[in-house]
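J.: Got a predicted model here, sequence first, then my questions.
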Amino acid sequence: MVWQFIDVFKKVFNSNKIQDDDFSDRLSHRYTVSILILFTILVGSSQFVGNPIACWAPAQFTGAMVQYANYICWIASTYFVPSEDLLPNPNQPRQYRINYYQWVPFILALMSILFYVPFVIWEFLARPSGLDAKTVMKIIYSMDASSSESRDKTMRNAVKIIDRAIDYHRDYYEYSCLGRLRRSINRCFLPNFRSGSYISILYMLVKLLYVANVCGQFFLLNAFMGPDFTIYGFQVVRDLAQGKDFWESPRFPRVTMCDFTIRTLGENNHKNTIQCTLPINLFNEKIFIFIWFWLCLVAILSVYSFLVWIFNFTSSSRTSFVKRYLKVNDRLSGYVHHHHSSSTSSSVTVDNKIFDAFLFEYLKQDGVFLLRIVKKNTNDIVVGELVCALWDHFKRYPKFNSMIQNHGDESMQKEAEKLAPNGDTNGYH
């Protein structure tokens, strides 16, 4: 059985290497969901196959009555009384009622579903948008890194996919239900829904859902597991530091009390109070200690990732990100040669204007977002080649020509005429 679990985890962690999100997202929708499903199977098999409760029945109970007592105490819930305290009278309230243990597999299953929901939303709304990072990643992963011909062909194919997405799907949304929904989302956040930021805004909303989900899980567990579960991890650390035993933990007790009534004819109802042991709580305690610390880790990384992406979407961050790869690959002459001649100064000015058109009018927010996703799942060399391929493609074909005509800059128009294949700036080749 252990090896079966190991095989499941290997398949989960090694499958679907092509990603269109970052590590903190996968930490929620892949690794956390896998862990919660594993815990659900472990606890569920212990409850429904094994003996999760065993009660100390009076001597006069027959075998069937003992079995009935176990069942009724499992169903009706038990309560905890510290060993140094007296048992409460029948009319006194039970202070530490244990109501969660029957529901633990369902709680864990619900948690796994909630962790998976943001990913489903991202897949449902992002895939039809045209800027499909997974398609680009499939092309890149098919590349033979040792073959220059394969690298060139791969980059051409990737650029073709990205260029088509930028040209059609970003600015011209189809008139379907999803298209109208995407336009509505953009209109909520941007005055012009054709601004080329739909996929970026959607990604930030999904990341916000990841953060809200992991933080909301603490309140969900507070409702199921009893008050103060949000500080449970600190209590565990404190008890370990003080050398306390978990045996009599009021949250996960191993020994509890159970009240039930045996009804007979007339008014001769027999009330019984028996002592029960909950071996299942041995698993529950360790599982929820791990879950508490795991949720803290996921929450910290999710918030950090959200803040990093907010910074990444700033104009200065986008500029430095793209310009870095162009400078390294000598695509921006003005930033490589530091001469003070008039010709160099003119070249710098042209490069600056071309770069602004490339970044803010061609790639826009969504194009840069796609490049960042590729970087998070490959390396700087691949991203650098892709940026340079997009730059060269942009300078050769009509979108560049139409953009510089909008600027009305003669020097940029001459640059376009030099760069266009066969002097043609009006069509694709």
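T.: Okay, I see it. Numbers count the residues shown, from 1 in each chain.
J.: Nearest residue to the middle of this protein?
T.: Against the mean C-alpha coordinate of the chain, by CA atoms, centre = their mean, the closest residue is residue 25 at 2.3 Å.
J.: ok, that residue - contacts?
T.: For residue 25, the contacting residues are 118, 119, 122, 206, 207, 210, 305, by CB atoms under 8 Å, 6 or more residues apart in numbering. Placement of C-beta: from N, CA and C, glycine included.
J.: hang on, the third one packs against residue 206?
T.: Yes. With contact taken as CB atoms under 8 Å, residue 122 and residue 206 are classed as touching, separated by 4.5 Å.
J.: Can you list the residue ranges for strands in the stretch 251-400 of the chain?
T.: Ranges of strands within the stretch 251-400 of the chain are 255-262, 270-277, based on DSSP state E, counting those that start in this stretch.
J.: winner for burial among these?
T.: Across the strands of the stretch 251-400 of the chain, averaging neighbours per residue (mean count of other CB atoms under 10 Å) puts strand 255-262 on top, at a mean of 18.
J.: Using PDB, write out every CA atom in it.
T.: Taking C-alpha atoms only, strand 255-262 is exported to PDB below (Å, rounded to 0.1, in the frame of the first residue of the first chain):
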ATOM      1  CA  VAL A 255      -9.800   8.900  25.700                       C
ATOM      2  CA  THR A 256     -13.300  10.500  25.800                       C
ATOM      3  CA  MET A 257     -16.700  10.000  27.500                       C
ATOM      4  CA  CYS A 258     -19.900   9.100  25.800                       C
ATOM      5  CA  ASP A 259     -23.500   9.500  27.000                       C
ATOM      6  CA  PHE A 260     -26.400   7.500  25.400                       C
ATOM      7  CA  THR A 261     -29.800   6.300  26.500                       C
ATOM      8  CA  ILE A 262     -31.300   2.900  26.000                       C
END
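J.: per-residue confidence averaged over it?
T.: In this model, strand 255-262 carries a mean pLDDT of 82.
J.: what does stretch 77-84 give?
T.: Stretch 77-84 shows an average pLDDT of 75 in the prediction.
J.: One more: stretch 234-248?
T.: When pLDDT is averaged over stretch 234-248, the result is 75.
J.: Equivalent analysis for stretch 374-382, please.
T.: Summarised as a single mean, pLDDT over stretch 374-382 is 84.
J.: Check stretch 139-156 too.
T.: Mean per-residue pLDDT for stretch 139-156: 78.
J.: Flag every buried residue along that stretch.
T.: Neighbour counts over stretch 139-156 (16 or more other CB atoms under 10 Å) mark 139, 140, 143, 151, 154, 155 as buried.
J.: out of the residues you listed, what pair is the most spread apart?
T.: Pairwise distances across these (CB to CB) peak at 11.4 Å, for the pair 139 and 151.
J.: how close does residue 352 get to residue 121?
T.: 39 Å (CB to CB, to the nearest Å).
J.: Residue 296 now?
T.: Plainly put, residue 296 is 24 Å away from residue 121 if you go by CB to CB.
J.: and if you look at residue 43?
T.: 28 Å.
J.: Repeat that for residue 385.
T.: Going from residue 385 to residue 121 by CB to CB gives 32 Å.
J.: Within the helices and strands, which one has the residue nearest to the centre of the chain?
T.: For residue 25, the host element (DSSP states H and E) is helix 23-26.
J.: Show the subsequent helix or strand relative to that helix.
T.: helix 33-48.
J.: can you pull the buried residues of that next one?
T.: By 16+ other CB under 10 Å, the buried positions in helix 33-48 come out as 33-43, 46-47.
J.: Double-check that residue 59 belongs to a helix.
T.: No. Checked against DSSP: H, G, I helix; E, B strand; the rest coil, residue 59 lies outside a helix; its state is coil.
J.: Count the neighbours of residue 86 for me.
T.: Counted with other CB atoms under 10 Å, the neighbours of residue 86 add up to 7.
J.: what secondary structure does it sit in?
T.: coil.
J.: Residue 199 versus residue 125, what's the distance?
T.: Distance of residue 125 to residue 199, given as CB to CB: 9 Å.
J.: Neighbour count: these two, which is higher?
T.: residue 199 (27 against 19).
J.: how about the helices in the stretch 251-400 of the chain?
T.: 280-312, 315-328, 342-356, 364-377, 380-396, 398-407 (DSSP state H, counting those that start in this stretch).
J.: repeat for the stretch 51-200 of the chain
T.: Applying DSSP H, counting those that start in this stretch to the stretch 51-200 of the chain gives helices spanning 63-76, 104-126, 133-141, 148-164, 177-189, 198-225.
J.: Turn the ones you listed into TSV, columns for distance to residue 377.
T.: Converted to TSV, these look like this (distance: least, CB to CB, whole Å):
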stretch	distance to residue 377
helix 63-76	48
helix 104-126	15
helix 133-141	6
helix 148-164	13
helix 177-189	24
helix 198-225	14
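J.: if you average pLDDT over each of those, which comes out lowest?
T.: The minimum mean pLDDT among these belongs to helix 177-189 (a mean of 59).
J.: Going by distance to residue 260, which of the buried residues of stretch 139-156 wins?
T.: Of all the buried residues of stretch 139-156, residue 260 sits closest to residue 140, with 64.4 Å by CB to CB.
J.: these two touch, right, that closest one and residue 161?
T.: No. Counting by CB under 8 Å, residue 140 does not reach residue 161; the two are 10.5 Å apart.
J.: thinking again about what came up before, show me which of residue 385 and residue 121 is the more surrounded one.
T.: Using other CB under 10 Å, the more surrounded residue of residue 385 and residue 121 is residue 385, with 20 against 14.
J.: Now do the contacts for the closest residue to that one other than its chain neighbours.
T.: Counting by CB to CB, 6 or more residues apart in numbering, residue 155 is the residue found nearest to residue 385 once chain neighbours are left out, at 5.5 Å. Contact partners of residue 155, counting by CB under 8 Å, 6+ apart, are 385, 386, 389.
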